[in-house]
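Colleague: Could you look at this predicted model? Sequence included:
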Amino acid sequence: MTLVETTSTDRLRGLRTWQREAFTEYFRRDPRDFLAVATPGAGKTTFALTLASELLARHVVRSVTVVCPTEHLKKQWAEAAARFNIPIDPEFKNGQGPLGKHFLGAAITYAQVAAHPMLHRNRTEARRTLVIFDEVHHAGDALSWGEAVREAFDPAARRLSLTGTPFRSDVNPIPFVDYVQDHNGVRRCSWDYSYGYAPALADGVVRPVIFMAYSGEMRWRTKAGDELAARLGEPLTSDALSQAWRAALDPKGDWIKKVLAAADRRLSEVRKHSPDAGGLVIATDHETARAYARILRQITGRGATVILSDDPTASKKISQFAASDDRWMIAVRMVSEGVDVPRLMVGVYATSTSTALFFAQAIGRFVRVRRRGEIASVFLPSVPVLLEYAGEMERERDHALDRPMNEDGFDPEQDLIDEARKKRDTPDAGDELPFETMESAAEFDRALYDGGEFGGGSPDSPEEEDFLGLPGLLEPDQVAKLLRKRKSEQYTSRIKAPKPEPEEAPAHEVMAELRKELNGLVGAWHHRTGQPHSTIHTELRRACGGPPIAQATPDQVRRRIAKLRAWAVGGD
């Protein structure tokens, strides 16, 4: 056996199965460009550095450049590379001149490359270089970034691109990545090796996630003085959804306070089995992040670590939190991807950022497994786009459990999902609220787990307590068994037992009770038929007439309740 073969064997020892397979595939093909897609938490950094170590040992390359999204990740890559005896400079600056001779390479950001692409091209040409693109989709954040990356690293001897989520390119193609059109005519990246959430879950490499969705009544006053109201979780126009969503996240209202309190109770349950478990709130902007910290101090009596994107000490704060047993961290985008804090087990998605890529990367912060039985819990508003993303993740879990799809091998709902995404217009972070929140109330809506939805009944039901009190250490199938047993016991009695007509009461109270009753029946009908809540509401409106639920009169809501009860007993 040669020295290289012995060294290769040593490097492969201790790797996960997918990492060994990807390593073998790379050297079988020996390509100049290679794209590896691996779910967050799977170990992309270890794979990449094992590959870099081998290429250096074989003298295929003599230098390594790591390009990543943030300053914090530069330091994280340098620390990881040091464990592979690859000295990487994370402090390299564009204006500093040559790299120190004691370094084999540098970690830089995409922004650095865009600021001076010729500098990095000259560095790449000077020595045979392996360039590692961490979260390579960032090279497409702006056309100028993609052009700079291509100019800087076109001379590289080898290029390894990494991402945690398969991506599309509708505007700015990613440099050094090939694309193919799917059956909907959408361009997707063509990867060389893929390791998704489903197989990672089956291998015990990542944690399963239970999503806790909260709805509720919102009222706000526009700048013109008009007062509007909507119920989060019901079918709404895009404008009403946007404003109701933003009202829910407004720290002046009660919705976010209730959800943060529920998440903290869940964290306390988890810490009974994992005493150092931590929670993360992903906030929209700096002002709300600080406000959420004040709310958590009122709830817990303790401060929370606040991570802001313009804070020069952000990397230090993340590292300190990761090494501590503090309860909560609040961040604005800073920990959306690539940051390894394995003890994060409870999350609150308190941002109006709505892209699929951001959601997937954010949830990736909670799936990094430490031991079997750990389950992540993520709290979010009942917004269709977020529930859709959560459901997609759960469908991947179904695939991991070998549940059948259609006979062609793919999800028949995907075409509808793709079409819906083209029409999506949801709010993003950063701008001031265009209205004043007058009232926001949170009610537990449903949980999503193992491909199913649970809950959807009266907000006064004990279901929320059942979910918050789930043991913090259970095998995934044990959780599924508990939830499905609960679901089986509840849905029949809920859908068949008529509620008495509300007594004389103020009109708004009557309307609130009727909506609660209708939503409970819709949730139960979902459990029976598998139809999404929004589809059931749409069919009821088509059958009974009238406006959307937010504008419906009490009689119109009663007709929808009666229609749903008729469906339940087999009538028209």
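Modeller: Received it, and whenever you're ready, just let me know what you need.

Colleague: only C-alpha atoms for contact and neighbour calcs from this point on.
Modeller: Will do.

Colleague: Just the element for residue 287, please.
Modeller: helix 286-300 (DSSP states H and E).

Colleague: Whichever helix or strand comes after that helix pairs with which strands, parallel or anti?
Modeller: Moving toward the C-terminus from helix 286-300, the next helix or strand (DSSP H and E) is strand 305-307. With DSSP bridges as the test, strand 305-307 is paired with strand 328-331 (parallel).

Colleague: Give me the contacts around the partner strand.
Modeller: Residues outside strand 328-331 that contact it (C-alpha atoms under 8 Å, 6 or more residues apart in numbering) are 278-283, 289, 292-293, 303-308, 321.

Colleague: Extract the C-alpha set from that strand and format it as PDB.
Modeller: What follows is strand 328-331, C-alpha atoms only, in PDB (Å, rounded to 0.1, in the frame of the first residue of the first chain):
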ATOM      1  CA  TRP A 328     -32.000  32.200  24.800                       C
ATOM      2  CA  MET A 329     -30.300  33.900  21.900                       C
ATOM      3  CA  ILE A 330     -32.000  36.400  19.600                       C
ATOM      4  CA  ALA A 331     -30.500  37.100  16.200                       C
END
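
Colleague: List the neighbours of the following helix or strand past that strand that are in contact with it.
Modeller: Using DSSP H and E, the helix or strand that directly follows strand 328-331 along the chain is strand 344-350. Contacts of strand 344-350 with the rest of the structure, by C-alpha under 8 Å, 6+ apart, involve 249, 256, 259-260, 263, 266-267, 270, 277-284, 365-367, 375-381.

Colleague: just stretch 15-35 next, same as before
Modeller: Under the criterion C-alpha under 8 Å, 6+ apart, residues 12, 36, 43, 47, 51, 157-163, 176-177, 190-193, 195 lie in contact with stretch 15-35.

Colleague: Off-centre distance for that stretch?
Modeller: 27 Å (C-alpha atoms, centre = their mean, to the nearest Å).

Colleague: how about the CA coordinates for that stretch, as CSV?
Modeller: The C-alpha trace of stretch 15-35 is given here as CSV (Å, rounded to 0.1, in the frame of the first residue of the first chain):
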residue,chain,number,x,y,z
LEU,A,15,-16.3,9.9,8.6
ARG,A,16,-20.0,9.5,8.2
THR,A,17,-21.2,7.2,5.5
TRP,A,18,-22.3,10.0,3.2
GLN,A,19,-19.0,11.8,3.6
ARG,A,20,-17.1,8.7,2.6
GLU,A,21,-19.4,8.1,-0.4
ALA,A,22,-19.0,11.7,-1.5
PHE,A,23,-15.2,11.5,-1.0
THR,A,24,-15.0,8.3,-3.1
GLU,A,25,-17.2,9.8,-5.8
TYR,A,26,-15.0,12.9,-6.0
PHE,A,27,-11.8,10.9,-6.6
ARG,A,28,-13.6,8.5,-8.9
ARG,A,29,-14.4,11.4,-11.2
ASP,A,30,-11.4,13.6,-10.3
PRO,A,31,-13.3,16.8,-11.5
ARG,A,32,-12.2,20.4,-11.6
ASP,A,33,-15.7,21.4,-10.3
PHE,A,34,-17.8,19.5,-7.8
LEU,A,35,-21.1,20.6,-6.1
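
Colleague: residues of it that come out buried?
Modeller: Across stretch 15-35, burial judged by 16 or more other C-alpha atoms under 10 Å covers 18, 19, 20, 22, 23, 26, 33, 34, 35.

Colleague: From those, pick the one nearest residue 76.
Modeller: residue 19 (19.6 Å; C-alpha to C-alpha).

Colleague: Now do the closest one against residue 11, distance only.
Modeller: Applying C-alpha to C-alpha, to the nearest Å, the value for residue 19 to residue 11 is 11 Å.

Colleague: Right, I'll call it a day here.
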